[in-house]
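[1] please work out how this folds:
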Amino acid sequence: MQNTFTEFSTNAILKIGDEELLERYSKAATQPELYTFIRTKDVQAELLVDSIPYTIAPNSVLALTTVQFFQFISGKDLVVYQFNREFYCIKDHDQEVSCAGLLFFGNVHIPIIELNEKENRKLHILHEVFLDELETEDTIQAEMLRMLMARFIIISTRLLKLKAGFVEPSKNIKVDLLREFNMLVEAHFKTEHSVSFYAEKLFKSPKTLSNTFTKLNTSPLHIIHERIVLEAKRLLIYTEKTAKEIAYDVGFEDASHLSRLFKKHTNLSPSDFKKQLKKTV
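    Residues are numbered from 1 along each chain as shown. Here you go, the predicted model:
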């Protein structure tokens, strides 16, 4: 089952369907051109994200960005939403939905939200409204569909915050700073590796950032380094670039600097990581 909404004036695309929408990602890992939500119902789903296997429990939601390498392995009776930037821009609408840097482009590898019965019922009702609106072709259809997607994103973000323990006002202030930091890292990690650069952008001191993130069980430098290592892994797994070329891609003039950082996080040098991949193929 697949329903597609297109808006030719803006090139906006929204796809709503089931596991059939994911079949194109079943043969090999691919970077989806669309932001993707997958909701499981009574059956678990299995997938690879950046070569890491995930088993998604029944009654769960996960979010994927356009930069992750995704491969669909199995799953039945799924609810899948896919949309492009022209349909709903995560960054432009962040003031409305507060998801950038948390639900999308956060410092966790892949956000998975397990739903209780009440939460599952709420998303089921919203899905029925989505399907009804797709059949209502009038001048405000696009606006209505965007409103529904905003609603889905807001619900998902609230649940992610709740299940991560960000429910107190003081913690929400901290997580908003973390979200801003994550988005800045996503935009600049290939050229800027120092905490001071990001602190200046956020009008904070490096010490303030470090103290704030300590309360969230992380650190600014760790987030920067994790993003660099993740990108290096993607390039090692999915391209034929050399370690030297990858080091240059992520902002290191000397490949040994990346090698030390990579080994610190993975216990392997980039070349040993690549050799290990070839053994598993």
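[2] pull the distance from stretch 83-100 to the chain's centre.
    Relative to its parent chain, stretch 83-100 has a centroid offset of 13 Å by Cα atoms, centre = their mean, to the nearest Å.
[3] and the gap between residue 259 and residue 239?
    Going from residue 259 to residue 239 by Cβ to Cβ, to the nearest Å gives 17 Å. No exception for glycine: its C-beta is placed from N, CA and C like everyone else's.
[4] neighbour-wise, which of these two wins?
    The neighbour count for residue 259 versus residue 239, taken as other Cβ atoms under 10 Å, is higher for residue 259 (20 against 11).
[5] for the more buried one, which non-adjacent residue is spatially closest?
    Sequence neighbours aside, residue 269 is the residue nearest to residue 259 in space, at 5.2 Å (criterion: Cβ to Cβ, 6 or more residues apart in numbering).
[6] which residues are in contact with the one you found?
    243, 259, 262, 263 (Cβ atoms under 8 Å, 6 or more residues apart in numbering).
[7] quick check: the second one touching residue 242?
    In other words, residue 259. No. In this structure residue 259 lies outside contact range of residue 242 using Cβ atoms under 8 Å: 11.9 Å.
[8] residues making contact with the strand or helix carrying residue 54?
    Counting by DSSP states H and E, the element that carries residue 54 is strand 52-56. Here strand 52-56 makes contact (Cβ under 8 Å, 6+ apart) with 38, 40, 44-48, 62, 73, 75, 109-110, 112.
[9] least confident of these?
    Of all the contacts of strand 52-56, residue 109 has the smallest pLDDT value, namely 68.
[10] which residue ranges form the helices in the stretch 51-200 of the chain?
    94-97, 117-134, 141-163, 169-188, 195-201 (DSSP state H, counting those that start in this stretch).
[11] counting by contacts, list what the shortest one packs against.
    Okay, so that is helix 94-97. For helix 94-97, the elements it packs on are helix 141-163, judged by 3 or more Cβ pairs under 8 Å, 6 or more residues apart in numbering; DSSP states H and E.
[12] next, the buried residues of the helix it packs on.
    Under the neighbour-count criterion of 16 or more other Cβ atoms under 10 Å, helix 141-163 has 142, 144-146, 148-149, 151-153, 155-161 buried.
[13] now the strand holding residue 54, how far from the chain's geometric center?
    On Cα atoms, centre = their mean, the centre of strand 52-56 falls 14 Å from that of its chain.
[14] quick check, nearest of the contacts of residue 269 to residue 191?
    residue 262 (18.0 Å; Cβ to Cβ).
[15] next, that closest one: secondary structure please.
    Under the three-state scheme (DSSP: H, G, I helix; E, B strand; the rest coil), residue 262 adopts helix.
[16] any idea how far residue 252 is from it?
    From residue 262 to residue 252 the distance is 10 Å (Cβ to Cβ).
[17] repeat that for residue 43.
    Counting by Cβ to Cβ, the gap from residue 43 to residue 252 is 44 Å.
[18] more crowded one of residue 262 and residue 252?
    residue 262 (26 against 20).
[19] give me the nearest residue to that one, chain neighbours excluded.
    residue 270 (5.2 Å).
[20] give the contact list for that neighbour.
    So residue 270 contacts 232, 236, 243, 246, 247, 258, 259, 262 (Cβ under 8 Å, 6+ apart).
[21] got phi/psi on it?
    Here is the backbone geometry of residue 270 (degrees, to the nearest 10): phi -60, psi -40.
[22] about what we covered before: for the residue nearest to residue 259, phi and psi?
    Dihedral angles (degrees, to the nearest 10) for residue 269: phi -80, psi 160.
[23] separation between it and residue 88?
    For residue 269, the distance to residue 88 - Cβ to Cβ - is 41 Å.
[24] what about the stretch 51-200 of the chain, any weak spots by pLDDT?
    97, 107-109, 164-173 (pLDDT under 70).
[25] switch the cut-off to 80
    90-102, 106-109, 163-175 (pLDDT under 80).
[26] follow-up on the earlier one: could you work out the most separated pair of the buried residues of helix 141-163?
    That would be 142 and 161, which, of the buried residues of helix 141-163, are the farthest apart (Cβ to Cβ) at 28.6 Å.
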